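[1] here's a sequence, model it:
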Amino acid sequence: MRTAFIVMAAAAGLAALSGCQSFDGHEGAVIGGAAGAAGGALIGSAAAGSGNRGTGAAVGAVIGGAAGAVAGDQLHDKRK
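    Sure, this is the predicted structure:
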């Protein structure tokens, strides 16, 4: 189960970095998304309980990554 989560997280990270558009001007979104995904995975895994930790981690990573990307992009734009 842990190996599957690591593979999914790595694939999601590579998919985000291999997009057609560059990240110029959106560095905050990348950093915020990565931090949000990591935090969301930890929280989701802990909240899901012993039988569904992988699913909770995956759902938490997706939600946390999206929220972190938005927050990181907004904070980066304010600092410009």
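[2] what about the helices in the chain?
    Counting by DSSP state H, the chain has helices at residues 2-17, 27-48, 53-79.
[3] lowest average confidence across those, which one?
    Mean pLDDT per stretch puts helix 2-17 lowest among the helices of the chain, at a mean of 63.
[4] let me have the helices of the chain in TSV, extended by mean neighbour count.
    Where C-beta positions appear, they are placed from N, C-alpha and C, glycine not excepted. Formatted as TSV, the helices of the chain follow (neighbours: other Cβ atoms under 10 Å):
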stretch	mean neighbour count
helix 2-17	12
helix 27-48	19
helix 53-79	18
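[5] so residue 66 sits right up against residue 29, yeah?
    No: using Cβ atoms under 8 Å, residue 66 is not in contact with residue 29, being 10.2 Å away.
[6] isn't residue 62 right up against residue 40?
    Yes: proximity of residue 62 to residue 40 meets the contact threshold set by Cβ under 8 Å, at 7.3 Å.
[7] joint contacts of the two?
    Shared contacts of residue 62 and residue 40 (Cβ atoms under 8 Å, 6 or more residues apart in numbering): none.
[8] what about residue 50, neighbour count?
    5 (other Cβ atoms under 10 Å).
[9] give me every residue that touches it.
    Neighbours of residue 50 in contact, by Cβ under 8 Å, 6+ apart: none.
[10] dihedrals phi and psi, it?
    With angles defined as degrees, to the nearest 10, residue 50 sits at phi -70, psi -30.
[11] ok, now how distant is it from residue 56?
    10 Å (Cβ to Cβ, to the nearest Å).
[12] what do those two both touch?
    By Cβ under 8 Å, 6+ apart, no residue touches both residue 50 and residue 56.
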